[in-house]
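> Can you look at this prediction? I've put the sequence above it.
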Amino acid sequence: MGDKEEFLELLEKQGVWVNPQLKDQLFENFKKSKFGFDEINHAINQDRQLAFKISRELNYPLVPPDSLLITITNRCNLRCKMCQFPMYASDNELSLPLLKSLVDQAISMNVKRLNALGGEPFITKSTLKLMKYAKSKGMEISTQTNGLLINENNIQGICETVDSLGFSIDGLEENHDFIRGKGNFRKTLGIIEKISKLDKKPDLPIVTVLMNHNFKDTPLMIKNLSKWHVSRINIQPLVSNNINYTKRDKEDSLWIKESNFIELDETIEKIKELKKQGHPIINTLYHLERMKLYFRNKLPPFEFDCYNGFNNISVWSSGLVGFCFGAFGDVRRSSLKETWYSKKAFDLRQKMKECKKPCLQNCQELKEDG
């Protein structure tokens, strides 16, 4: 299998920076793994999915993450019933110069995509400025918005900059407005329609949060996607706390009730059939089927590997860097690279690998295109 010097030399030749504090632990993980030098060499150069799998086994990133995810703000112009972000709004957000520095640092790490998030990202002018800066540096740009702050002053700049402009649509009009505020369904669809008529326009997906008040709407929503000028839909099951995804609360008034489980199953089967017919649903059939168990609180622990902590660098509006198990750095104190390859990140990834909490969030999935 080779000695430690050969192993470290291989990683160095492939451009993998190894934290000096972790050389011994990394080599010990390598010796315990099923992978050899040739597979590591092949994966880093030709097979990103395999490289992520080896990274997870070694507990150390061998290839750059797919995306830099920055929650630019927790502030929002809405108070949606299932969202806790506005409760954590703060004036201590990252400055635009620091945000631009994070983009530069990510590019130096060979990260190709910026996902600028909120809260509502367009509540601050820093978001579009950051997007334009990242775009000028060659990054792919994506975001998720309620759309209500897109107007005549910024619509052109947004559409010329963003590659994927996702919108939140949580049901048909009555239920969407119950969840997000009266009149907002038509306003959001009006913005999408206006963008769809522009010569230069981004991809226009939607995300819907599946919950007790709207799950029955979903099949008809899917059938309306082309009418709404939407490219595809991503269905995410409700989390009781979208700041802490590990929490589950069947007493939550938005949680799908036991009395509705039969209708939930029937709805999921309708959605699966629509996907089989070719409707643009991002979720896999497996993911959709598992939602039946999820709302019953009977979803088994992970039946697949989680790659959160390897596939995306997540920077929160506070400046902390982390994922669902907590933070492992602060961009105000350390560089992105130092944080990403730190001993604390190493330990937190190990904790994540041992996670037994049922989860259907798509942050842990590998991109199919590698």
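Sure thing, it's come through. Numbering: from 1, shown residues only.

> wait, doesn't Ile235 sit right on His279?
No - here Ile235 does not reach His279: they are 11.6 Å apart, not a contact under Cβ atoms under 8 Å. (C-beta placed from N, C-alpha, C; glycine too.)

> who has more neighbours, the two?
When neighbours are counted by other Cβ atoms under 10 Å, Ile235 and His279 differ, and Ile235 comes out ahead with 23 against 16.

> Tell me who's in contact with Lys200.
Residues in contact with Lys200 (Cβ atoms under 8 Å, 6 or more residues apart in numbering) are 159-160.

> hang on, it is in a strand, isn't it?
No - assigned with DSSP: H, G, I helix; E, B strand; the rest coil, Lys200 falls outside any strand and is coil.

> Now do the same for it: its pLDDT.
pLDDT for Lys200: 93.

> what about it, distance to Val162?
Going from Lys200 to Val162 by Cβ to Cβ, to the nearest Å gives 10 Å.

> Quick one: the helices in the chain, in order.
Taking DSSP state H as the criterion, the chain contains helices spanning 4-13, 23-32, 37-46, 48-58, 96-108, 126-136, 155-161, 173-180, 184-196, 218-223, 261-276, 285-295, 336-340, 343-353.

> Dump those to a markdown table, plus mean pLDDT and distance to Phe310.
Formatted as a markdown table, these follow (pLDDT from 0 to 100; distance: least, Cβ to Cβ, whole Å):
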| stretch | mean pLDDT | distance to Phe310 |
| --- | --- | --- |
| helix 4-13 | 93 | 16 |
| helix 23-32 | 94 | 14 |
| helix 37-46 | 94 | 13 |
| helix 48-58 | 94 | 5 |
| helix 96-108 | 98 | 15 |
| helix 126-136 | 98 | 21 |
| helix 155-161 | 97 | 28 |
| helix 173-180 | 97 | 33 |
| helix 184-196 | 97 | 33 |
| helix 218-223 | 98 | 31 |
| helix 261-276 | 98 | 27 |
| helix 285-295 | 94 | 20 |
| helix 336-340 | 97 | 10 |
| helix 343-353 | 92 | 7 |
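
> Which stretch among the ones you listed approaches Ser231 most closely?
helix 184-196 (9.9 Å; Cβ to Cβ).

> Can you list the neighbours in contact with that closest one?
Here helix 184-196 makes contact (Cβ under 8 Å, 6+ apart) with 78, 146-148, 150, 155, 159, 165, 167-169, 172-173, 176-177, 201-202, 204, 228-230.

> now that helix against helix 173-180, angle please.
Here helix 184-196 points in a direction 100 degrees away from that of helix 173-180 (axes from the mean of the first three to the mean of the last three Cα atoms, to 10 degrees).

> Centre of the chain to helix 184-196, how far?
In terms of Cα atoms, centre = their mean, to the nearest Å, the centre of helix 184-196 is found 23 Å from the chain centre.

> Repeat that for stretch 63-77.
Stretch 63-77 sits 8 Å away from the centroid of its parent chain (Cα atoms, centre = their mean).

> do the same with stretch 74-81
19 Å.

> avg pLDDT for that stretch?
For stretch 74-81, the mean per-residue pLDDT is 94.

> Check which residues of stretch 218-227 are buried.
By neighbour count on 16 or more other Cβ atoms under 10 Å, the buried set for stretch 218-227 is 218-219, 221-222, 225.

> With respect to Ile107, which of these is nearest?
Of all the buried residues of stretch 218-227, Leu225 has the smallest distance to Ile107: 33.9 Å, by Cβ to Cβ.

> dump the residue contacts of the closest one.
The neighbourhood of Leu225, defined by Cβ under 8 Å, 6+ apart, consists of 206, 231-233, 279-280.
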